[in-house]
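**Student:** Here is my input, please return the structure:
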Amino acid sequence: MLRSQSPRVVAGRAVLVAGMLMLAVAPWVFGLGTISVLTEFLTMLVLALMWNLLAGYADVVTVGQHAFVGIGAYAFYGFAALAQIRPPAAILLAGLVALALALPAMAIVFRLRAMYLAIGTWVVAELFMLVAGKLSAFGGGSGVSLPLPVLRALGARPAERFIVVYWLALVLAATAFFSTWLLLRSRVGIGLMAMRDNEEGAGAVGVDLVRARMLCFLWTAPFLGLAGAIATLQKLRISPAASFSIIDYTVFVIFNVVIGGVGSLEGPVLGTILFFVLREYLSDFGTWHLMLLGALSIAVILIEPRGLWGLIRRRLARDLVPVSHHGSRL
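**Tutor:** Below you'll find the predicted structure:
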């Protein structure tokens, strides 16, 4: 028999639904500046969801996921600007290229474990960045801006292009969230949650740990590539340093997930929201705001290893987005 939901859980889910509705009507409510920030937020949320799936469930702590973001950015430029494929199709192809290149990358990094695997993913990312800097058709080390015909394919005026890029980011974020939720609700997801709670116990009861990690690694790659393509449309250019930025696409992402809550779907959402709020109020402090973010993340970890969502869940006693089939954590 289903247990009655507490008022706090109902209120939390109401806030979650209200947030989704706000995102759906944002182009008719907010100005272009806010739309630009929301586009960046949705892109960052996709990256946080993917890193959380790897680190929080599959125990693959990577510091090189910016590799596939950059691959997606460069692949999108190649398809849209050089091959003159329409941007929506070029975005999808960029995701496929990221998936294709994830196969050899996985063959390399999955020979390593623990901190060596994390370092290996960073080395692979740096290798891809160095290769990108040697591609003269893509602007070499200084990069290149998107040609005007690519931008006009999204809209005749800049305002129209802002809205189109926002819709693309919203569709990607919604797809990443709900498809990951369905994955965690599947038989594979049961194994992933068992790995999250007790890796040795999961292996003992028959969970194929290697297969689960490989699946998660390949699952995240196309989403990262798609996010890189959309980020390129927002920034209007590619370059090795910006498209393969470890700060923007890995370090900040790790902060979002760690402070929000590793091993949950609510954690990356909460952490990404908090990151953008803090960035808004701490940006005037220059590089000091990075140290403040680091100090805050350390403080949260010391208080609750599962992040802010871990603290909130103590009061709720269940998740807002139920992953297990009984609506409670395993």
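**Student:** give me the number of residues near residue 246?
**Tutor:** Using other Cβ atoms under 10 Å, the number of residues around residue 246 comes to 21. Glycine gets a C-beta too; all of them are placed from N, C-alpha and C.
**Student:** So which bits of the one helix or strand residue 20 maps to are buried?
**Tutor:** With secondary structure defined by DSSP states H and E, residue 20 is part of helix 7-29. For helix 7-29, a neighbour-count test (16 or more other Cβ atoms under 10 Å) marks 9, 12, 23, 26, 27 as buried.
**Student:** List the buried residues for the worst-scoring helix or strand of the chain on mean pLDDT?
**Tutor:** Taking mean pLDDT, DSSP states H and E as the measure, the helix or strand of the chain with the lowest value is helix 199-204, at a mean of 71. Within helix 199-204, the residues scored as buried using 16+ other Cβ under 10 Å are residue 202.
**Student:** which helices and strands sit right next to it?
**Tutor:** helix 187-197, helix 209-235 (3 or more Cβ pairs under 8 Å, 6 or more residues apart in numbering; DSSP states H and E).
**Student:** What are the phi and psi values at residue 237?
**Tutor:** Note on residue 237: backbone dihedrals following degrees, to the nearest 10 are phi -160, psi 160.
**Student:** Okay, and the beta partners of it?
**Tutor:** Listed by DSSP bridges, the beta-bridge partners for residue 237 are residue 145.
**Student:** picking that back up, just after the helix holding residue 20, pick out the following helix or strand.
**Tutor:** Using DSSP H and E, the next helix or strand after helix 7-29 towards the C-terminus is helix 32-52.
**Student:** For the next helix or strand after that next one, C-alpha coordinates in CSV please.
**Tutor:** Note on helix 32-52: by DSSP H and E, the next helix or strand toward the C-terminus is helix 66-77. Once non-C-alpha atoms are left out, helix 66-77 reads as follows in CSV (Å, rounded to 0.1, in the frame of the first residue of the first chain):
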residue,chain,number,x,y,z
HIS,A,66,35.2,18.8,-20.9
ALA,A,67,36.8,16.7,-23.6
PHE,A,68,33.5,15.7,-25.0
VAL,A,69,32.1,19.2,-24.6
GLY,A,70,34.9,20.4,-26.8
ILE,A,71,34.5,17.6,-29.2
GLY,A,72,30.8,18.5,-29.6
ALA,A,73,31.7,22.2,-30.1
TYR,A,74,34.3,21.4,-32.8
ALA,A,75,32.1,18.8,-34.5
PHE,A,76,29.2,21.2,-34.6
TYR,A,77,31.4,23.8,-36.3
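**Student:** And the contacts of the least confident helix or strand of the chain?
**Tutor:** Applying Cβ atoms under 8 Å, 6 or more residues apart in numbering, the contact partners of helix 199-204 are 59, 191, 194, 195, 209.
**Student:** Kindly indicate which of those residues lies nearest residue 273.
**Tutor:** The nearest member of these to residue 273, counting by Cβ to Cβ, is residue 59 at 25.7 Å.
**Student:** Phi first, then psi, for that closest one.
**Tutor:** Phi and psi for residue 59, reported as degrees, to the nearest 10, are phi 60, psi 40.
**Student:** need the contact list for it.
**Tutor:** Going by Cβ under 8 Å, 6+ apart, residue 59 touches 195, 196, 199, 213.
**Student:** what's the most distant pair in those residues?
**Tutor:** The largest separation in those, counting by Cβ to Cβ, is between 196 and 213 at 12.2 Å.
**Student:** what packs against the helix or strand hosting residue 314?
**Tutor:** Using DSSP H and E, residue 314 sits within helix 307-316. Applying 3+ Cβ pairs under 8 Å, 6+ apart, one finds that helix 307-316 contacts helix 7-29, helix 252-260, helix 266-282, helix 288-303.
**Student:** how long is stretch 298-315 from one end to the other?
**Tutor:** End-to-end distance of stretch 298-315 (Cα to Cα, to the nearest Å): 22 Å.
**Student:** what's in contact with that stretch?
**Tutor:** Applying Cβ under 8 Å, 6+ apart, the set of residues contacting stretch 298-315 from outside is 8, 257-264, 266-267, 270-271, 274, 319.
**Student:** Give the buried subset of the residues you listed as a PyMOL selection command.
**Tutor:** In PyMOL, this line selects whichever of these come out buried by 16+ other Cβ under 10 Å:
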select buried, resi 257+258+259+260+261+262+263+264+266+267+270+271+274+319
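**Student:** before we move on, the earlier item: so can I have TSV of the contacts of residue 59 showing distance to residue 142?
**Tutor:** Output for the contacts of residue 59, formatted as TSV (distance: Cβ to Cβ, whole Å):
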residue	distance to residue 142
195	43
196	43
199	45
213	37
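**Student:** quick one: which of those residues has the most company?
**Tutor:** Counting by other Cβ under 10 Å, top hit in the contacts of residue 59: residue 195 with 23 neighbours.
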